[in-house]
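*Asks:* below are the sequence and a predicted model for it; my questions follow.
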Amino acid sequence: MRLVYLDNNATTRMREEVLEAMMPYCKDVYGNASSIHRFGRQARVAVDKARQEVASLLGASSPEEIIFTSGGTEADNFAIKGAVHAMRKKGNHIITSSIEHSAVLNSMKALEKDGYKITYLPVDGYGLINPNDVKKAITDSTVLISIMYANNEVGTIEPIEKMGEIAKERGVYFHTDAVQAVGKVTFQAKDLPVDILSMSAHKIYGPKGVGAIYIKKSTKVDTIMHGGHQEMGRRAGTENVPGIVGLGRAAEFAKKEAQEEPKRLCELRDYLYKNIAQAIPDTRLNGEPEKRLPNTLNIGFKYLEGESIMLNMDMEGIAVSTGSACTSGTLEPSHVLTAMGIDAGDAQGSIRFSLGRDNTKKDIDYVLKVLPPIIQRLRDMSPLYEKGK
Amino acid sequence: MEGQYSDQVMEHFRNPRNVGEIPDADGIGNVGNPVCGDIMRLYIKVDPATETIIDAKFKTFGCGAAIATSSMVTELVKGKTIEEALKVSNHAVAEALGGLPKIKMHCSVLAEQALTGAINDYLKKHGKPVVDKKFKDAH
């Protein structure tokens, strides 16, 4: 059976070159990067090189603006909790959006319990945040604005620059969760009105368990991980040298392929969408049609529930994910689709296809062959379908 | 493993039994709503002389467990009398499927509710007293 992996927003397959780069640091170069002896120095050199690669990918002014973490979730926690802690004398109000990743949303909920006031901005039908809403929400006690660069479920790219400018004018820190955007959208952090940015290695064909946070020079972010003096005293814990080396190598490739690969993925994705829309009636595109991650396609299949579609595709060797979060332990429709005002029934039948560098046109053609009969079979089973006949 | 479906659930999901409608059904049970992600419609055909369920079919909008429990409940009640069918509990449906993930147990409750609804529809049509089963909130 042909296996087609279309869940690259969940995680990606690590590149061979990345694994190769990491291997020596899993075996021979085992020194602690904080040690002064030759074993440690070798590790230190590798960590510094990786820092440069990540700084270069993100367009930082200097490698010192990059701090390695255990992944995107820690980077988000670090950014949010560290920034509001540093600013606690100024105020206790934070602005975020209603469609953030749970790493951000649940950090906000935790802070709410500690007495912080959180504003969750709404989105429009495309999942876009209105910068004017940011402007209106800022008060004298606002200490942080945290808005994702691009949404993981529907791929909508947010007007980060406009919102960052507003934050800058009012002297409020701006954090963006760029976990999904890095490698798919080109930007230079030094030119963006963004103070803090989080990213993850495993979304860009790097290893799991490692990520980074960009903190613009002179931005005050307190440490949340206390211990040794690693990472310039900002994030304690012995460096995950193999992971960091892997992230550095993945960043190198992401930068090299930043122009061509997103274009290729975008074409494949649009080919997939065009043909699904032609072959299957009653579908809807979720997300902003243009300002969207080039690899992401979220489609609602009317009269159906997502998990049954996903499982049927899985039986045919195709990996996708549901918009309904049905498998992730909640039964409610996706908070993103709900925030976009999509009817609960329609939100249930949404499927996310997220493409990656391994995908070819043959993969997409296979999906196009397999999917229509699955949808038809499930619709024939659905009590909601008759109305639409 | 928590959250994973048993082989029986997957088998019934892959090859659901008794999908469809019974145009001249003697009883129809409708339960669920799209907000929760599950809707079941269960049809039964009853032999009036023996009060035996001679056929059962379903249409379901829902996840893998919703489809599998619909399939299983129709299988379990075919050939049973109304009285016997009313004793088919959600646990019996789940058990026959080799268990359900905890978060999906509500699907078996829905299946029992759909069955009870179909039987009550039949009883009502025949001027008989309906049964009043207490269900834990399915959602």
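*Replies:* Alright, I've got the coordinates. Residues are numbered from 1 along each chain as shown, chains lettered A, B, ... in the order given.

*Asks:* tell me the pLDDT at the closest residue to chain A within chain B?
*Replies:* Closest approach between chain B and chain A, counting by Cβ to the nearest Cβ: B:P34, at 3.0 Å. In short, each C-beta sits where N, CA and C put it, glycine included. B:P34 carries a pLDDT value of 77.

*Asks:* can you tell me the closest non-neighbouring residue to it?
*Replies:* Of all residues not flanking B:P34 in the chain, A:G345 sits nearest, at 3.0 Å (Cβ to Cβ, 6 or more residues apart in numbering or on different chains).

*Asks:* picking up where we left off before, now do the same contact list for the residue of chain B closest to chain A.
*Replies:* The contact partners of B:P34, by Cβ atoms under 8 Å, 6 or more residues apart in numbering or on different chains, come to A:343-345, A:348, A:384, B:61.

*Asks:* residue contacts, A:H101?
*Replies:* Going by Cβ under 8 Å, 6+ apart, the list of residues near A:H101 reads A:72, A:76, A:148, A:152, A:177, A:179.

*Asks:* pick the one among the residues you listed closest to chain B.
*Replies:* Among these, A:N152 lies closest to chain B (Cβ to the nearest Cβ), at 20.4 Å.

*Asks:* so A:P281, which of the three states?
*Replies:* Secondary structure state of A:P281, per DSSP: H, G, I helix; E, B strand; the rest coil, is coil.

*Asks:* tally of neighbours for residue 111?
*Replies:* Unless you meant another one, I'm taking chain A. 19 (other Cβ atoms under 10 Å in any protein chain shown).

*Asks:* look at chain B instead
*Replies:* By the measure other Cβ under 10 Å, the count of residues near B:A111 is 35.

*Asks:* do the same with A:R2
*Replies:* Neighbour tally, A:R2, other Cβ under 10 Å: 12.

*Asks:* ok, now A:V245?
*Replies:* Look at A:V245: counted by other Cβ under 10 Å, it has 28 neighbours.

*Asks:* same check, this time on B:K78
*Replies:* B:K78: 18 surrounding residues under other Cβ under 10 Å.

*Asks:* B:G32 is in contact with the residue nearest to B:P34, correct?
*Replies:* No: using Cβ atoms under 8 Å as the test, A:G345 is too far from B:G32 to be in contact (11.0 Å).

*Asks:* count of neighbours near the nearest residue to B:P129 once chain neighbours are set aside?
*Replies:* Leaving aside its sequence neighbours, B:P129 sits nearest to B:L123 (Cβ to Cβ, 6+ apart; 6.9 Å). By other Cβ under 10 Å, 19 other residues sit near B:L123.

*Asks:* about what we covered before: which two of the contacts of A:H101 have the greatest separation?
*Replies:* A:D76 and A:N152 (12.2 Å; Cβ to Cβ).

*Asks:* give me the common contacts of the two.
*Replies:* Counting by Cβ under 8 Å, 6+ apart, the residues touching both A:D76 and A:N152 are A:101, A:179.

*Asks:* the more surrounded of those two?
*Replies:* Neighbour comparison, A:D76 and A:N152: the larger count goes to A:D76, with 29 against 26 (by other Cβ under 10 Å).

*Asks:* who's in contact with the residue in the stretch 201-350 of chain A positioned nearest to chain B?
*Replies:* Closest to chain B within the stretch 201-350 of chain A is A:G345: 3.0 Å, counting by Cβ to the nearest Cβ. If you count contacts by Cβ under 8 Å, 6+ apart, A:G345 has them with A:384, B:34-35.

*Asks:* alright, calling it a day.
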